[in-house]
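**Q** model the following, please.
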Amino acid sequence: MTNADDRVLFDVDRDKRIATITLNNPAQRNSYDAAMRETVGRHLDQVAEDDDITVVLLRGAEGVFSTGADMNNAYGWYGDGDERSREERKAKDSAQAKRRPSQRRRLTVDRKSFGFYHNFMGFPKVTVGEISGYALGGGFEMALMTDISVIARTTKIGMPATRFLGPALGSLHMFFHRLGPVLARRLLLTGDIIEAGAVEHLGVFTETCEADKVAARARYWAEKAAKMPADGVVIAKEAFRLVEQSQAYQGEEVASYLFHAYGTNLQFAEGEFNFVKTRAQHGTKEAFRLRDEHFHVPEPE
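**A** Numbering: from 1, shown residues only. Got it, this is the predicted structure:
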């Protein structure tokens, strides 16, 4: 059973009580746009209401988990709130068309967008992450939000978008709670991408293993969790959510979208790297190269 949008695949093993959601956009390293994210959300809602499913296994196609939101459309997801026809919009004054989205537009869109992550973090069934290749940006957030996570030691993890949207990005409470304040600050303040094996000793993920073992180990954990009493799992997940909301995530629902909206409206000083402007001038591929070149600082010998 697959979704009509073949960029998100959905399968249910009712004998094992496991649903599998696969991000299937390998040409873009399983990055996702708003439509893909909404499709995943619909499948999660379907699973939440299905008493015969206990576990959701979240994975990416062809050995890559996800590189997060599709930055080929950076800022494009905001639109401009203009409901006129395409022809009428094209006729707008060019200066008006290039104007940044209003802050109220950013807050409205970001509030809706971050609702997906909040729902996933508090999902009432067990979530298992099969994580390999890359887990960056929103993909990294989802990997950290899973209840049980199996990751390859060579998986690249991090929040590189902080290098052009600023360090106040994403689910800050979750980063500090799951990563710890030292690692969270390091990744958010530098935009560094590191291998999961480098933080294996911190216990950030349930299991860290070799890349060729990830799929089998994730399935093992999914089947193990699926044997638990279904009612007990739902009760436990609600209890876990209550504890985390009271001890770790107070303010998260507002802070995540609020600071993301602020962060996407940065003003850049001379000498600072402006990804959106650079991409418009040189194209996405070259913009990424110039970004990495700008942020490279050689290690001292």
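
**Q** how about the helices in this structure?
**A** Counting by DSSP state H, the chain has helices at residues 34-48, 86-90, 94-97, 103-121, 138-145, 162-165, 172-179, 181-190, 214-226, 230-247, 252-263, 275-282, 284-295.

**Q** tell me the most buried of the ones you listed?
**A** Of all the helices of the chain, helix 138-145 has the most neighbours on average by mean count of other Cβ atoms under 10 Å, namely a mean of 24. Using the backbone N, CA and C atoms, a C-beta is placed for each residue, glycine as well.

**Q** centre of the chain versus that one, how much separation?
**A** Remark: helix 138-145 is offset 5 Å from the chain centroid, using Cα atoms, centre = their mean, to the nearest Å.

**Q** put the alpha carbons of that helix into CSV.
**A** Provided in CSV are the C-alpha atoms of helix 138-145 (Å, rounded to 0.1, in the frame of the first residue of the first chain):
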residue,chain,number,x,y,z
GLY,A,138,14.7,18.9,9.9
GLY,A,139,15.9,15.4,9.3
PHE,A,140,18.2,15.7,12.3
GLU,A,141,15.3,17.0,14.4
MET,A,142,13.1,14.1,13.4
ALA,A,143,15.9,11.6,14.1
LEU,A,144,16.3,13.1,17.6
MET,A,145,12.5,13.1,18.2
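
**Q** what's the angle from it to helix 252-263?
**A** Helix 138-145 runs at 160 degrees relative to helix 252-263, counting by axes from the mean of the first three to the mean of the last three Cα atoms, to 10 degrees.

**Q** what's helix 138-145 packed up against?
**A** Under the contact criterion of 3 or more Cβ pairs under 8 Å, 6 or more residues apart in numbering; DSSP states H and E, helix 138-145 touches helix 103-121, strand 126-131, strand 156-158, helix 172-179.

**Q** centre-most residue in this protein?
**A** Note on the chain: the residue nearest the mean C-alpha position is Gly138, at 1.6 Å, using Cα atoms, centre = their mean.

**Q** ok, back up a step: nearest to Leu58, out of the helices of the chain?
**A** When those are compared by Cβ to Cβ, helix 138-145 sits nearest Leu58, at 6.7 Å.

**Q** give me the residues contacting that closest one.
**A** Contacting residues not belonging to helix 138-145 are listed as 30-32, 58, 60, 65-69, 117, 120-121, 127, 129, 131, 135, 149, 151, 157-159, 170-171, 174-175, 178-179, 204-205 [Cβ atoms under 8 Å, 6 or more residues apart in numbering].

**Q** distance to Arg289 and mean pLDDT added to the helices and strands packed on helix 138-145, as CSV?
**A** Output for those, formatted as CSV (distance: least, Cβ to Cβ, whole Å; pLDDT from 0 to 100):
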stretch, distance to Arg289, mean pLDDT
helix 103-121, 28, 90
strand 126-131, 26, 98
strand 156-158, 17, 98
helix 172-179, 27, 94
